[in-house]
Every structure is written in structure tokens, then in C-alpha cells.
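> From the sequence below, what's the structure:
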Amino acid sequence: MNDLDALLALLTPEGRALLDEVRDTDPARELAVATRLRREHPAALVSAALGQARLRQRAVAKFGAEDAGRMFFTPNGVEQSTRASVAAYRAGRFKELGVASVADLCCGIGGDAIALARAGIRVLAVDRDPATAAAARANAGALGLDDLIEVREADVTEVDTSGYDAVFVDPARRGGRGRIFDPEAYSPPLSWAVAAARTAARAAALKVAPGIPHEAVPEDAGAEWISDGGDVKEAVLWFGTAPGPVRATLLPGPRTLLGTGLPDPEVRTPGRYLYEPDGAVVRSHLVAEVAAQVGGGLLDATIAYVTADALVPTPYATAYEITDRMPFNVKKLKALLRERGVGTLTVKKRGSAVEPEELRRKVRPQGPNAATVFLTRVAGAPTMLIGRPAAA
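Below you'll find the predicted structure:
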């Protein structure tokens, strides 16, 4: 049974009842449950229900337990869908721009369409994959949003979006060999998405990989990098707004740092505190703005660690108090940790080829205390900085 057939079978009364029955199935008991249920239901339907239950369990991290327990997913849909918190933030930005309707192109299983509809925005959700479009349609109905979401199975390059205030495009960035890094290898290509964005009546947003080169950002677009809980999730190119500064947005919050065009910070000797900028700040090249906030400089010209003498609270970086600095030497580090009774060791690295797990195995931390070691470079020299999260 292919993805579409499996989904359609689960939308029948028998399929829905079976989904409810297997909702909380422990993976360790799946074989026993499947054997029992196949006595009363078609084997293919049982397999589809158990597979959907697994997908729903995986989707909780992105959509929350309540929504994930009602939604329908495809394997790719869970992997590629937007996290609900990020989609809600973006829908809020559209709302602030006065957008009342959006053509959501490459909509996937409908994560962004759901957030837009919950913001009161009318949505045309388009995807060319039959199973994916069917899942988006089922999700709009399952969450009571089908009055605001129209799902269309079509090639997005052939859809007329002129009747909508805004366009949102989320091109596929995965192929048969994994992630696609060349924006022109997206499906559809970034150049097509940019052209579609420029035709939008009011505004447009293009979701792209956070590793997109800054030089690939069109001059008439505003670029925003978004992290959620410290993990960088995506970059977005905004059209129809003033191109303006580069933005780094941190969720929850949101907290947004705007670029001010500062030059790169100077390299300075390590101070008492090390600041680790959020990944969205690093990706958006706004480390200089953080350094200015805390009155600091860089440990090394090529590494995004900021050092300063004072503790200055900022939501855009995590501060650590540095207690020790030494050239990279495993034996000396092991001796220092033993002397301090460190049993819980957090290893962070930038500019070092050493793997954190490898270092932990070599130093074998033991004891009641905790420490953080940074493997990095200071003015080009491999260095270890030992410290702890700074008290506010």
C-alpha cells in the first residue's frame, strides 16, 4: 500500500477507529498488537495505522501532543514540515503586514497553512504530491480549519496566485542523496521562487536553508535567520517589506536582533567571560552586534566566540565565566578536571577538529562537580578554556 492509499484507508471509519485503538502503542509491543489486530482487520490497514501512530509520535516535537494526535503525516512530511512555533511566528509577521490571504506553495502536510489559518488568514495550499496534498487536506479538516484552507494538488509553477495578498514558498531541499545545498537545485529552484515572490501583491516569504550564502540573498529581499530553543531552524527571505537590515530572531519570544552594519569586532585577549552567540546570530553575521552589546571582542578573527571583562545580560548569547585557559593538551586537562572533581563535562567547540565524545573518553571525568570546556583558537593558537555558565 503506497502513502496515498494508506492515508485514504485511514480516513475511513474503520481506519479512524483503528487509529484511535493504536494511538499509544509502545514500539516494543507493536508486533504483538499487529498480530492481534490482523485477526479482525486487513493486514495492510493495520500496518498503515501503526505506521501513522509512529509518525504522530515523532510529530509531537514539532506540533505538540494535541495537534499531532489528530493530524495525518507522511514520512517526508514529518521530516520536512515547519515546527509549529516557527510557523506561528511567520504567520504573525504576515498578519502584521496586513496580509489577509496567502498562496502557500509547496505546502507539504500543511504546517504553515495551519498557522496562517489560525492567524485568520485565508490560504491556498498547493503541493504536487498526491499523498502530501491529501494529508494537508485531512489536517485542515481534522483541526477545523477547512473553511480557511483550500488544498490543491498541482504543480506550483502552474498556479495563478494573483488573487492572493501574499505568497509563501517552501521549496523542497532534499533529494535522493539527502540535503540539497545549491539553491538552484531546490524544487522549484530559488530563482523561480524569487520571481514568484516579486509578483505578490503585498508581501512574500521564501523559506530557505539556514546555510544559504549571504551573497545569494537578492538585493530587494530582507533576510531573517530563525532559531527555536537555541537550534537554528531556517532562513527566510522577505519581499514587499523594506529590504532593511538582516535579522536574527530567537524563539520563544520572539526576540529579534537587527543588523546595524557594524564592522567585525577586534580580536582581544580573553577576558573573564565568554559569550556563545545563538546560532541564528552567527548565521546572520550579527556577532558584531552582540559584541557591541557586551563590550567585547573576538577570541579569534575566524571564530564566533565573544570575550569580555564584564557580565552583561543579553538574550542573543549565553555567557560563561572562564576560570582557566591553557594550550590544547589532553593530559593537562585530565589532571585539572581530576583536581576539581569534575564528573559532568560539557564540551563545546568552534575551530577545533577534536570530537567532544572523543575528548570525554580520554579525560574520563569523575566527581560531583560540573564544568564546560571550550575547544577553540585564541589568536590562531589551539586553546582550551574551562568555565561554567555565568550567574545572572
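> would T256 count as being in a strand?
Yes - according to DSSP: H, G, I helix; E, B strand; the rest coil, T256 belongs to a strand.
> where does the closest residue to it other than its chain neighbours fall, helix, sheet strand or coil?
Nearest residue to T256, sequence neighbours excluded (C-beta to C-beta, 6 or more residues apart in numbering): T249, at 4.6 Å. Every residue, glycine included, has its C-beta placed from N, CA and C. With three-state DSSP as the basis, T249 sits in strand.
> contacting residues for T249?
Going by C-beta atoms under 8 Å, 6 or more residues apart in numbering, T249 touches 89, 224-227, 255-257, 280.
> need the longest helix for the protein.
Counting by DSSP state H, the longest helix found in the chain is helix 43-68.
> Which positions in it come out as buried?
Going by neighbour count (16 or more other C-beta atoms under 10 Å), the buried part of helix 43-68 is 45-46, 48-57, 59, 62-63, 67-68.
> For the protein, just list every one of the helices.
3-10, 13-22, 30-37, 43-68, 75-80, 84-96, 111-118, 130-142, 190-198, 279-283, 287-294, 330-340, 356-363.
> among those, which is nearest D324?
Taking C-beta to C-beta, helix 330-340 is the member of the helices of the chain nearest to D324, at 6.5 Å.
> average model confidence for that closest one?
The average pLDDT for helix 330-340 rounds to 95.
> what packs against that helix?
Counting contacts by 3 or more C-beta pairs under 8 Å, 6 or more residues apart in numbering; DSSP states H and E, helix 330-340 packs against strand 317-327, helix 356-363, strand 369-378, strand 381-389.
> go with 10 Å
Under the contact criterion of 3 or more C-beta pairs under 10 Å, 6 or more residues apart in numbering; DSSP states H and E, helix 330-340 touches strand 317-327, strand 342-349, helix 356-363, strand 369-378, strand 381-389.
> Report the residue spans of the stretch 151-300 of the chain with pLDDT below the cut-off.
The stretch 151-300 of the chain contains residues with pLDDT under 70 at 174-178.
> How many neighbouring residues does T161 have?
By other C-beta atoms under 10 Å, 23 other residues sit near T161.
> Can you give me the distance of it to V126?
As judged by C-beta to C-beta, to the nearest Å, T161 and V126 stand 9 Å apart.
> what's the overlap in contacts for these two?
Shared contacts of T161 and V126, defined by C-beta atoms under 10 Å, 6 or more residues apart in numbering, comprise 103-105, 169.
> and the gap between the closest residue to I180 other than its chain neighbours and E321?
Take I180 and drop its neighbours on the chain: the residue closest to it by C-beta to C-beta, 6+ apart is R173, 5.0 Å away. Here R173 is placed at a distance of 39 Å from E321 (C-beta to C-beta).
> Between those two, which is the more surrounded one?
Remark: of R173 and E321, R173 carries more neighbours, 22 against 14, as counted by other C-beta under 10 Å.
> Surely the more buried one is in contact with P188?
No - contact criterion C-beta atoms under 10 Å: R173 and P188 do not qualify, at 11.3 Å.
> Now for those two: what residues contact both?
Applying C-beta under 10 Å, 6+ apart, one finds that R173 and P188 are jointly contacted by C106.
> returning to what we had before: tell me the two of the contacts of T249 that are most distant?
So, the contacts of T249 by C-beta to C-beta: farthest apart are Y89 and L257, at 14.6 Å.
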